[in-house]
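J.: Coordinates for the following, if possible.
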Amino acid sequence: MSVLTQPPSMGDVLKYEVNPNYTREIVPLLLGTPYPAGSVLGKITASGKYTLSPATGTDGAQIATAVLLYPVDATLADAIGIVVVRGPAIVSRAGLAYDATVDDAGKITTKLGQLAAVGIIPRDGV
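T.: Numbering: from 1, shown residues only. The predicted structure follows:
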């Protein structure tokens, strides 16, 4: 019997939000990558587009400010995504996806703190 695997969905990421009309926004995503559900995003100051939040940088995206709720393929063009941009909201820590430069526990802890600063609280075991 073969094993089927399914990518994470919104239910794997978002565990609580006070009101979807308050916590969510529709935002532009920068082209160049497929974004999985749970992507930790930062906003590029100059363009207003969101991208995976890198560990370092100077364009504004290095500050994690949102979590993508549904997967979006933006490999060929800018795309639109639905994100949680403010809390109160709780997300599953295990459901989050990071930029490749966020590659150790210290950098992940920094991203989690940045999300908490906007009211998006990552929790284990939810």
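
J.: hey, where'd the strands end up in the protein?
T.: Ranges of strands within the chain are 14-17, 24-29, 33-35, 40-43, 50-52, 64-68, 72-74, 79-84, 89-92, 120-123, based on DSSP state E.

J.: For the protein, give me the ranges with low pLDDT.
T.: 126 (pLDDT under 70).

J.: Give me the buried positions along the helix of greatest length in it.
T.: Ranked by residue count and defined by DSSP state H, the top helix of the chain is helix 105-117. Buried positions in helix 105-117, judged by neighbour count with 16 or more other Cβ atoms under 10 Å: Lys107, Ile108, Thr110, Lys111, Leu112, Gln114, Leu115. Heads up, the C-betas are built off the backbone N, CA and C, glycines and all.

J.: likewise stretch 5-21?
T.: Quick answer for stretch 5-21 (16+ other Cβ under 10 Å): Pro8, Asp12, Val13, Leu14, Glu17.

J.: Ends of it, what's the gap?
T.: Distance across stretch 5-21, first residue to last, is 32 Å (Cα to Cα, to the nearest Å).
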